[in-house]
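[1] mind looking at a prediction? Sequence and model below.
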Amino acid sequence: MLNSRLTSLMRKEFIQIVRDPRTLYIVIAIPVIQIFLLGYTATTDVRNVPLAVFDQDRSPASRALLDAYRAADYFKLEFDVDSEDEIRHLVDAGRATAGMIIPPDYAENIAAGRAAQVAFVLDGSDPTVGSTALAAARSIGQNHATEIALERLEARGQASAFQPAVDVRTQVWYNPDLVSAYFMVPALIGMILQLLTSMLTATAIVRERERGTIEQLIVTPIRSSELIVGKIAPYVLIAFVDTIEVLLVGTLWFKVPIEGSLILLLALSGLFLVSSLGIGLVISTIARTQQEAMMLAWFTLLPTVFLSGFFFPLAAMPWFLQLISHFIPLRYYLTIIRSILLKGVGAESLTLEIIALAIFGVVTMAAAAMRFRKRLD
C-alpha cells in the first residue's frame, strides 16, 4: 500500500495536470498529431519523381519505353518538352528532378537490331532521391531491353534458347513490400515517448520552483525519494497511455503489423521509460525555469535521434559516432520495438538490449537522485 504522503503528492500532481489544459493537450493530442505528420513525411520511399521527356522519335517504340517508366511508379511524366534546354530549365527551377532524351533514330535502331542509346539525366542535389531514381532508371531500362531482346528472339523462333547467365532469386523477410512506414512508425513511438516523458518530467519539479510551491513541499515530512516518485508516477501512467495510443494509430491507420508479444513490448517500453524519466529528472535538477528545461530536453533529443538509427543506419556512420551511439538508450529501444513488431522475436533474442536499458535506467535514476536535494538552491 502506498503511504498517505506519497498518495497525496501523486493526487496533487494529477489534479495539476487535469487543471492545465495545455499539458493535457500536449500529452494526449501531440503524440497523435506527430505520428500522423511524421508517419507520412518521414519516409524513405521515392515515388512520382517528376520527369521531363524530350522524345525526338515519336514512334510506337519510344512510347513503349515511356510506358515502361510510367508503369514503374517511380517516375511521373510531368513534362513533354521540345529541346534539351527546356529540360535544363525545368531541372534548374526544381520543377523536374529527371530528364529523358530519346534520339530521333531510336525506333530505327531497335528495328535494325542495334543498340539504341537513350540519355537520362538526374538532379543530384538531393542524393537520397537521386541515388534511388538512378537505380530505378537503370533497372527499368534493363528490364525493357530484356523484353525487346525476347521479342527479337521470338520473331526468329529462338525464344526458348534465351537463358540469363545468372538467375538471382530474392526473398524479403518481415517487410516484403519494403514499406517505409513499417520501419519509421515504430521509431516514432520511441522518439515521441522519450520527448514527452523527459520534457514533462523535467518541467514538473521546475514548475514547483518557479511558482514557489516547492517551499511548501520542503516543510512537509515528505522524503526526497517520495517527492521524486510522486512527481514522476503520473507521467509514467500518461506515457503508457501515449504508448497504447500511438500503437493503435500505427497499427490501425498505417497498418504496421504486431507480430510479437504486446505484453513484452509494453514491459520493455516501461524499462525504456525509466531511462527517459531519469533524463528528465536530471534536467530538472539543472534547469531553473520551465523554458530552460524544455530547451535542454530538446537539446538531448536531437543527438538521440541522429545517433540511434532513427533515420540513418548506424553501420554507415564513422566509428567514433558508432561508439557514442552505444550511450543512447533510444538505440536499444528501436531495436526492441522493431524486432517485436516486425519480426515477432522474444526476450531471448533481445538480451543485450534489455540489459543495456536496465543499466541506463539505474544510472540515470541514480544520477537524478544524487543531484536532487529537497531544498531551495
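    Received it, and whenever you're ready, just let me know what you need.

[2] got the domain ranges for the chain?
    4-43+179-371, 49-161 (automatic domain parsing).

[3] so how far is the last one from its chain's centroid?
    It refers to domain 49-161. 32 Å (C-alpha atoms, centre = their mean, to the nearest Å).

[4] one more: stretch 347-361?
    The answer for stretch 347-361 is 22 Å, by C-alpha atoms, centre = their mean.

[5] list the buried residues for it?
    Residues of stretch 347-361 classed as buried: 350, 353-354, 356-357, 360-361 (neighbour count, 16 or more other C-beta atoms under 10 Å). In this view, the C-beta of every residue, glycine as well, is placed from N, C-alpha and C.

[6] and those residues as a markdown table, adding distance to residue 220 and pLDDT?
    Formatted as a markdown table, these follow (distance: C-beta to C-beta, whole Å; pLDDT from 0 to 100):
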| residue | distance to residue 220 | pLDDT |
| --- | --- | --- |
| 350 | 42 | 92 |
| 353 | 40 | 93 |
| 354 | 38 | 95 |
| 356 | 37 | 94 |
| 357 | 34 | 94 |
| 360 | 32 | 93 |
| 361 | 28 | 90 |
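
[7] for those, which one is nearest residue 130?
    For the buried residues of stretch 347-361, the minimum distance to residue 130 (C-beta to C-beta) is 34.5 Å, reached by residue 353.

[8] re earlier: from the buried residues of stretch 347-361, which is closest to residue 10?
    Nearest member of these to residue 10, counting by C-beta to C-beta, is residue 361, at 20.4 Å.

[9] neighbouring contacts of the helix or strand harbouring the closest one?
    Following DSSP states H and E, the helix or strand that holds residue 361 is helix 351-371. The contact list for helix 351-371, computed with C-beta atoms under 8 Å, 6 or more residues apart in numbering, reads 224-225, 228, 268, 271-272, 274-275, 277-279, 281-282, 284-286, 326, 329, 332-333, 335-336, 347.

[10] pretty sure residue 236 is touching residue 277, no?
    Yes - with contact defined as C-beta atoms under 8 Å, residue 236 counts as touching residue 277 (6.9 Å).

[11] which one of the two has more residues nearby?
    Comparing residue 236 with residue 277 by other C-beta atoms under 10 Å, the one with more neighbours is residue 277, at 27 against 16.

[12] distance to residue 173 added to the domains of the chain, as TSV?
    Below are those laid out as TSV (distance: least, C-beta to C-beta, whole Å):
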stretch	distance to residue 173
domain 4-43+179-371	8
domain 49-161	21
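
[13] return the set of buried residues in the helix or strand encompassing residue 25.
    Per DSSP H and E, residue 25 falls inside helix 21-41. For helix 21-41, the neighbour count (16+ other C-beta under 10 Å) marks 23, 26-27, 31-32, 34-35, 38-39 as buried.

[14] may I have the helix or strand just after it exported as PDB, CA atoms only?
    Toward the C-terminus, helix 21-41 is succeeded by strand 49-55 as the next helix or strand (DSSP H and E). What follows is strand 49-55, C-alpha atoms only, in PDB (Å, rounded to 0.1, in the frame of the first residue of the first chain):
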ATOM      1  CA  VAL A  49       9.700  11.700 -59.400                       C
ATOM      2  CA  PRO A  50       8.800  14.500 -61.900                       C
ATOM      3  CA  LEU A  51      10.300  13.600 -65.300                       C
ATOM      4  CA  ALA A  52      10.700  15.800 -68.300                       C
ATOM      5  CA  VAL A  53      10.800  13.900 -71.700                       C
ATOM      6  CA  PHE A  54      12.300  15.100 -75.000                       C
ATOM      7  CA  ASP A  55      11.100  12.400 -77.400                       C
END
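
[15] and strand 49-55, which strands flank it?
    With DSSP bridges as the test, strand 49-55 is paired with strand 75-80 (parallel), strand 98-102 (parallel).

[16] switch those strands over to a markdown table; also include distance to residue 135, mean pLDDT and mean neighbour count.
    Converted to a markdown table, the strands paired with strand 49-55 look like this (distance: least, C-beta to C-beta, whole Å; pLDDT from 0 to 100; neighbours: other C-beta atoms under 10 Å):
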| stretch | distance to residue 135 | mean pLDDT | mean neighbour count |
| --- | --- | --- | --- |
| strand 75-80 | 12 | 90 | 16 |
| strand 98-102 | 12 | 91 | 23 |
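
[17] reformat those strands as JSON lines; add distance to residue 260.
    Listed next are the strands paired with strand 49-55 as JSON lines, based on distance: least, C-beta to C-beta, whole Å:
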{"stretch": "strand 75-80", "distance to residue 260": "37"}
{"stretch": "strand 98-102", "distance to residue 260": "40"}
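
[18] nearest to residue 122, out of those strands?
    strand 98-102 (5.0 Å).

[19] can you list contacts of that closest one?
    Applying C-beta under 8 Å, 6+ apart, the set of residues contacting strand 98-102 is 49-57, 62, 65-66, 69, 75, 84, 87-88, 90-91, 118-123, 133, 137.

[20] just to revisit the earlier point, residue 244 is nearest to which of the strands paired with strand 49-55?
    Comparing those by C-beta to C-beta, strand 75-80 comes nearest, at 38.5 Å.
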